[in-house]
Structures are given as C-alpha cells and as structure tokens.
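J.: Got a predicted structure plus its sequence, pasted below:
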Amino acid sequence: MALGTTTMTNDTILKVEHLSMKFGGLMAINDLSLEVRRGEITALIGPNGAGKTTVFNCITGFYKPTMGMLTLQRRDGKEYLLERLRDFEIPKLAGVARTFQNIRLFSGLTVLENLLVAQHNALMKASGYTILGLLGLPTYSRAVDASIEKAKYWLDKADLTDRADDPAGDLPYGAQRRLEIARAMCTNPELLCLDEPAAGLNPRESAALNTLLHQIRDEGASILLIEHDMSVVMEISDHVVVLEYGQKISDGSPDHVKNDPRVIAAYLGVEDDEVEEVIAVELEGGNH
C-alpha cells in the first residue's frame, strides 16, 4: 500500500498538505500545510481550541480528513498516504506511534510487562502465530530474548530499571508518562506522536521527560508533540508550528516563533493593532 504520490526530501518524514477537517458547520482545521523533519522534535502549539488534537487525530487515523494529504516517508523509502489507511494500519505499516493526554498503561501489569506487551505483534510473527513458539524453535527463542533486551534498554533510557517488577499503576505520575513513551518506542516507530506529555508534571518530572525526549531524538527518531507548557516547548523543540482557529499562523525555530507578533497576539488574546504594544511590553520585561 506504499504510494509515491508526492515529492518529499530525505529529511522530511511527514508532509501535511492542505489539510481541512470539518465537523458539521465547524471548520476545525482550514487548509493546513506543514512538514515534520526527520530526526527532529516538532512541537504543534496554540491556544485552547486551536485544532491541535484534531490534527493529531487525522495523522493517527482517528479522523478521516475532509480534505488534504498526509504523506509519511519511512526510512526504507516507502511512502504512505495516511488518510487512505485504516487506523490500525497507520502504526503497523507507516510506523506512527501515539501517546494520549490520559495515560493508558496496563496498570495491573508490571513495568517490564508493559514494554513486552508493546512487542506482541513482533513476537506473534516470530512464533508463526503460535506454532513455532509451541515447538520451541530457535527463531522464536531469539525473538523473545530480543524483546526482553529492547524492553530493558528502554527501561534504562526512561530511568525505570529499578521499578521493572513493580505494577505500572504504582508508579508516580511522571514515571508513568515516561513508561508510556518507552512502551511506544518498543514498537520501533518511524514517527512518535506525543499528546501533551508534560501535562501535570512538576519541574523535576518535566526535566526527566526532557532528558528522555532528547535521548529519543539523538537516536534518530522523529517526534511530533502537542504541548501547552511553553518552557518545555522552547527547551526541547527544533521546530515549532503554531495554530490559531484551525489555521497556521507561524512556523519556524523556537526563537522565531517566540518573537512572532502573531503568536504573541494569539496567546495574549489581543487585537492585531495592539501587537506592537504587546511586543514593546515583552521587550521591556526582558530587559529587567
């Protein structure tokens, strides 16, 4: 189902073109185009109701766009039009993994077991869908060993090795967030989509999250995240896209976006003719 229908450069993993999403008479997303670059952390930000989650839902298959194309290019060169795939095919074929605003761990399973469950599909394939596993053939044994090693690797990256045998539901909130991300990484995603990963975290937990996300990026993974915590966005992002009322109003580096008058106006809720005054206040505040 690979479809090479649009021109993409090697440094682009996701290309969104003219995306629109309409709910009845409400245009939630209006002609949005953006690119997510490979090996970078791209943040999608904007005031409440800007349409960020709707974009995520279109990318991950929860919604089918009213219009537009969403092209994902895997490392092996295969391209997929996400809007044409069924929701379960997007992680399986295109390699898009997602976390949610509300943590969705298997709270009764141990921390380690949560990471092994994430690799269920790969283990089932290695088992020949049970028969090879029942026969105890080496192919399956090697796959089991590899899945355990991968789980241990991401436990270490998430700083959760000492909690491996604890029920996931017993972890502090911040540790549960990191576990959810580690679980997603156990699926070998091409693109990791994180929905407000820093929500509800204290400063120490946010710092631990930032460390994990930087490690994921440094290994060559690509991350697209929605986030309200601007300190997190500005610290970890390579690229920021800003939405307001379903339209893109800014797109660039964190410094570019932070100083964009349209972004300042959107976040502070002022009219366009007041933007210069807002910027003057911001600059004056930064000089103190």
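T.: Ah, there it is. Residues are numbered from 1 along each chain as shown.

J.: Report the central residue of this protein.
T.: In the chain, the C-alpha nearest the mean C-alpha coordinate belongs to residue 193, at 1.5 Å (CA atoms, centre = their mean).

J.: Now that one: closest residue in space that isn't a chain neighbour?
T.: Distance criterion CB to CB, 6 or more residues apart in numbering; nearest residue to residue 193, sequence neighbours excluded, is residue 98 at 4.4 Å. Where C-beta positions appear, they are placed from N, C-alpha and C, glycine not excepted.

J.: Now do the residue nearest to the centre of the chain, the pLDDT please.
T.: Per-residue confidence (pLDDT) for residue 193: 96.

J.: Also residue 139?
T.: At residue 139, the predicted lDDT confidence score is 64.

J.: measure the residue nearest to residue 193 to residue 166 for me?
T.: For residue 98, the distance to residue 166 equals 25 Å [CB to CB, to the nearest Å].

J.: Looking at those two, which one has more neighbours?
T.: Legend: neighbour count by other CB atoms under 10 Å for residue 98 and residue 166, higher for residue 98 (21 against 14).

J.: Show me where the stretch 51-200 of the chain has its strands.
T.: Under the criterion DSSP state E, counting those that start in this stretch, the stretch 51-200 of the chain carries strands at the ranges 67-73, 79-81, 96-98, 191-195.

J.: what's near enough to touch the residue nearest to residue 193?
T.: Each residue near residue 98 by CB atoms under 8 Å, 6 or more residues apart in numbering is listed here: 56, 60, 91, 184, 192, 193, 194, 195.

J.: Give me the number of neighbouring residues for the last one.
T.: Read it as residue 195. Based on other CB under 10 Å, the number of other residues close to residue 195 is 20.

J.: Use 58 as the first number for this chain going forward.
T.: Okay, residue one is now 58; in that scheme the one you just asked about reads as residue 252.

J.: distance of it from residue 201?
T.: Counting by CB to CB, the gap between residue 252 and residue 201 amounts to 31 Å.

J.: ok, now the first one?
T.: As defined by CB to CB, residue 113 lies at a distance of 33 Å from residue 201.

J.: again with the second one
T.: For residue 117, the distance to residue 201 under the criterion CB to CB works out to 29 Å.

J.: Next: residue 297.
T.: Noted for residue 297: a distance of 41 Å to residue 201, by CB to CB.

J.: With neighbour numbers in mind, choose between those two.
T.: Under the neighbour definition other CB under 10 Å, residue 297 and residue 201 were set side by side, and residue 297 has more, 25 against 15.

J.: what's the pLDDT at the more buried one?
T.: Looking at residue 297, its pLDDT reads 96.

J.: Then residue 156?
T.: You'll see residue 156 listed with a pLDDT of 89.

J.: wait, what's in contact with the residue lying closest to residue 305 once chain neighbours are set aside?
T.: Excluding the flanking residues, the one nearest residue 305 by CB to CB, 6+ apart is residue 89, at 5.6 Å. If you count contacts by CB under 8 Å, 6+ apart, residue 89 has them with 73, 75, 76, 77, 108, 112, 125, 300, 303, 304, 305.

J.: What helix or strand is the last one located in?
T.: Spelled out, it's residue 305. Assigned by DSSP states H and E, residue 305 falls within strand 304-309.

J.: Tell me how many other residues crowd residue 295.
T.: Burial of residue 295 is recorded as 14 neighbouring residues (other CB under 10 Å).

J.: That one reaches residue 93, doesn't it?
T.: No - shown here, residue 295 and residue 93 do not form a contact pair, counting by CB atoms under 8 Å, at 10.2 Å.

J.: shared neighbours of those two, anything?
T.: Between them, residue 295 and residue 93 have residue 99 as joint contacts when contacts are counted by CB under 8 Å, 6+ apart.

J.: Stretch 298-309 spans what distance, first to last residue?
T.: End-to-end distance of stretch 298-309: 7 Å, with CA to CA, to the nearest Å as the criterion.

J.: Perfect, I'm done here.
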